[in-house]
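Q: starting from these lines, generate the structure:
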Amino acid sequence: MLEFNASGVIIGSSLIALTWALLQFLIIARIPVQSTPSSESSSLVDNGANDEQTPARLNEIYEAIYNGAESFLRAEYAVCALFVAVFSCVIFALIAWATDWDMARAFLTSLSFVLGAVTSMASGYLGMKVAVYSNVRTTISAQQPGWTACFNTAFRAGAVMGFALCGLGILVLYITMLCFRAHYSTPEEWVYLTECLTGYGLGGSSIAMFGRVGGGIYTKAADVGADLVGKVVHGIPEDDPRNPATIADNVGDNVGDVAGMGSDLFGSFAEATAAALVIGNSIALSGGWDALVFPIIVSAFGIIVCLLCSFIATHLKPVKSEAQVEQALKLQLISTTVLMVPAVFLAADAFLPSSFDIRKTVGNDIMTLVPDEAAACVLMGAFGGLVIGLITEYYTSHTYKPVRELADSCKTGAATNMIYGIALGYKSVIIPVIVLASVIYGSFTICDMYGVSLAAIGFLSNLATGLTIDVYGPVCDNAGGIAEMAELDSYVREKTDALDAAGNTTAAIGKGFAIGSAALVSLALFGAFVTRIRALSGDTLFENGVNMLEPITFAFLIIGGMIPFAFAAMTMKSVGLAAMEMVNEVQRQFDEKPHLLDANPTERPDYDACIAISTNASLKEMIAPGAMVILTPLLTGIFFGVNAVCGLLVGSLVASVQLAISMSNSGGAWDNAKKYIEGASPDSDLRGKGSDIHKAAVVGDTVGDPFKDTSGPALNIVMKLMAVLSLVFADTFYAFNHGSGIFNLS
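A: Residues are numbered from 1 along each chain as shown. The predicted structure follows:
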């Protein structure tokens with residue numbers, strides 16, 4: 001058995017990740033926003049553009065996007081801070097009451113909730129700052145000959161977010177555990193330590209909910225408004241500076257696709273780790289502290305693997321042509337997954353005891369496991385995530401048949417495009433669900449519910465790389481928007497569009513990873529909830545599993561299946577209402593200032609009015625969906641009992657994962673079908689930009705925007721947040737009539 005120290009590996013990997021993120025940022029910062037050509041940066045000016053005006057215009061656009069994103073996140077996080085303050089008091093009061101006034105446990109759970117929320121907000125804010133800072137520098141790099149400079153700039157921007165978030169998340173979580181260990185000092189007490197840590201996941205997911213929903217409403221209200229009035233009605237390009245909504249659209253990319261995604265995946269990591277620690281806490285009795293924190297060690301090893309593989313994209317096999325962009329991003333996912341194989345086996349052999357016991361979730365049998373079995377469960381998750389990612393790519397990339405057929409369907413109008421796109425999304429669910437089912441069956445068979453939680457950790461083992469390619473897309477999208485607004489040469493926009501098209505696909509792959517991991521995390525949290533209720537009841541409840549044919553359980557199974565549809569309806573309608581207001585504002589400006597549509601207008605649109613509409617709408621509309629997701633399991637457990645909660649969680653999980661995959665993939669396919677048509681020549685069958693075929697594709701893309709960037713990706717938070725909240729309040733639910741709830745219907 002190799003001798004390593006868990007604390008050294010975890011803290012060391014976290015510090016390496018943070019240092020690497022800083023180095024990537026410093027490389028990006030070396031690119032100056034200026035027009036003087038050099039070996040490191042290219043001229044901002046081509047074909048006679050004014051040397052002084054172009055840099056000034058780029059800085060003006062950069063500052064407008066930065067100020068818009070900054071003001072929105074400040075306003076959003078002010079609301080979140082109020083929620084955190086109030087809900088931490090609720091957690092303290094309910095847990096203290098349910099545990100016979102165990103003040104230490106109530107306080108530590110509340111504290112971990114606050115730490116998770118603050119870390120999630122810090123992750124989102126950091127991602128926004130780095131993305132906005134890098135957008136304009138990607139535009140500058142796109143003016144250099146070749147593809148290497150602009151790709152590397154966007155890729156490094158993603159790496160700053162990916163490695164900083166992973167390093168920060170692991171470091172804060174582990175230091176919190178070490179501090180809690182001062183109170184719960186013996187292995188027998190560590191079960192309470194792990195239960196207190198569930199608040200960390202709840203805090204991360206709560207902020208992710210508001211970030212995903214609020215940011216998604218913001219970005220898609222602006223995007224839909226800009227597309228409908230700009231492209232469809234007046235035929236001007238997507239990011240034309242004459243469009244009043246274009247700054248709000250670019251701000252939205254940063255607050256929704258970057259900050260929201262960062263908080264979302266941080267929440268997944270925190271919850272997956274919490275679930276694995278709760279279910280596997282008995283390992284500490286035979287293997288000690290190092291064995292208990294094995295799930296965190298896997299994530300720490302993942303950081304090193306992702307760091308090494310990043311050199312493939314930037315140094316060993318740099319991007320030199322448009323065709324290599326998507327290949328480079330896909331190679332990152334494949335290489336990190338493959339290299340995790342020896343890393344996971346090394347971690348298991350080094351930190352797990354030669355054999356250890358786990359009590360089965362159902363029944364009273366004890367399973368004796370060995371390290372290689374735990375490693376196999378992690379790798380099932382890792383390769384399951386890769387397969388889901390590649391299937392997602394097949395259905396959303398215009399390199400493959402489904403998206404090209406979707407583009408062809410636009411020849412007969414928007415209606416056939418809509419029909420085909422929805423069908424494509426439904427069809428894309430089949431293989432990912434089968435993969436998820438196989439991973440669940442295999443990991444559960446080998447290591448029971450602990451195996452499922454390890455598979456969820458495996459899904460997120462290359463999280464740094466997943467976040468890197470997720471952030472890469474919005475950075476390229478913004479870079480193209482800045483090029484359009486600064487009126488740079490068309491070849492710059494063509495290059496950033498090609499980078500963005502690959503980014504759309506990899507973003508869809510990232511969403512597939514997030515949804516798949518959320519499904520496993522939710523199931524693991526559900527298992528932890530059942531395990532906790534068994535312990536509280538002295539095996540009088542759930543000794544033989546959850547009986548879904550119990551009337552109250554089956555009734556709430558149906559209700560749980562409804563929750564994702566209600567959530568999707570609320571968020572889609574919110575985008576629609578905000579988009580209508582945006583459309584009216586943009587059209588009002590065009591009506592009052594008709595010269596805005598001139599080829600060279602002498603006045604600028606009122607960008608701030610559109611930013612204000614998106615900000616106010618998102619802050620207002622994010623409250624109701626978030627409240628529904630948080631209050632539903634809480635009220636169900638208090639009034640109807642733990643059997644009802646079990647039905648609610650299972651129904652929500654089954655419906656959410658399928659709806660989330662279909663919505664995300666439909667939206668991604670519509671977006672890339674539009675880009676495929678835009679890349680066609682006017683003489684081809686698809687007619688290219690400005691044609692009726694293109695207008696039909698724009699309608700599909702507009703409908704797909706809230707599918708893929710608001711409702712779809714937020715659904716994975718629905719299933720995770722409901723599950724982790726139920727686990728945090730398990731003691732509270734049991735305290736009401738021994739788990740039967742106030743109404744005592746069980």
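
Q: make it CA atoms for all contacts and neighbour counts henceforth
A: Fine.

Q: which residue is the nearest non-sequential neighbour of the most centrally placed residue in the chain?
A: Closest to where the C-alpha atoms of the chain average out (C-alpha atoms, centre = their mean) is Met261, at 3.4 Å. Using C-alpha to C-alpha, 6 or more residues apart in numbering and skipping the chain neighbours, the partner closest in space to Met261 is Arg212 (6.8 Å).

Q: and that neighbour, what's its pLDDT?
A: In this model, Arg212 is scored at 88, pLDDT.

Q: next one: Asn47
A: Asn47 is assigned a predicted lDDT (pLDDT) of 40.

Q: re earlier: dump the C-alpha coordinates for the one helix or strand the residue nearest to the centre of the chain maps to into PDB.
A: Element membership of Met261, judged by DSSP states H and E, is helix 261-279. Extracted in PDB, the C-alpha atoms of helix 261-279 (Å, rounded to 0.1, in the frame of the first residue of the first chain):
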ATOM      1  CA  MET A 261     -22.900  27.300 -14.900                       C
ATOM      2  CA  GLY A 262     -20.000  27.800 -12.500                       C
ATOM      3  CA  SER A 263     -22.400  27.900  -9.500                       C
ATOM      4  CA  ASP A 264     -24.300  24.900 -10.900                       C
ATOM      5  CA  LEU A 265     -21.300  22.600 -11.300                       C
ATOM      6  CA  PHE A 266     -19.900  23.700  -8.000                       C
ATOM      7  CA  GLY A 267     -23.200  22.700  -6.400                       C
ATOM      8  CA  SER A 268     -22.900  19.300  -8.100                       C
ATOM      9  CA  PHE A 269     -19.400  18.700  -6.700                       C
ATOM     10  CA  ALA A 270     -20.500  19.800  -3.200                       C
ATOM     11  CA  GLU A 271     -23.600  17.600  -3.200                       C
ATOM     12  CA  ALA A 272     -21.900  14.500  -4.700                       C
ATOM     13  CA  THR A 273     -19.100  14.700  -2.100                       C
ATOM     14  CA  ALA A 274     -21.600  15.200   0.700                       C
ATOM     15  CA  ALA A 275     -23.600  12.200  -0.400                       C
ATOM     16  CA  ALA A 276     -20.600  10.000  -0.700                       C
ATOM     17  CA  LEU A 277     -19.400  11.100   2.800                       C
ATOM     18  CA  VAL A 278     -22.700  10.400   4.400                       C
ATOM     19  CA  ILE A 279     -23.300   7.000   2.800                       C
END
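
Q: counting contacts, what elements does that helix pack onto?
A: Helices and strands touching helix 261-279, by 3 or more C-alpha pairs under 8 Å, 6 or more residues apart in numbering; DSSP states H and E, are helix 103-141, helix 148-181, helix 190-226, helix 294-311, helix 430-459, helix 463-485, helix 490-537, helix 712-728.

Q: in the fifth one, what counts as buried?
A: Along helix 430-459, the positions that meet the burial threshold by neighbour count (16 or more other C-alpha atoms under 10 Å) are 432-433, 435-436, 439-440, 442-444, 446-459.

Q: for that helix, name the packing helices and strands.
A: Helix 430-459 packs on helix 261-279, helix 294-311, helix 371-396, helix 490-537, going by 3+ C-alpha pairs under 8 Å, 6+ apart.

Q: how far away is Phe639 from Leu649?
A: Phe639 sits 16 Å away from Leu649, going by C-alpha to C-alpha, to the nearest Å.

Q: these two - which one has more neighbours?
A: Shown here are Phe639 and Leu649; by other C-alpha atoms under 10 Å, Leu649 has more neighbours (27 against 20).
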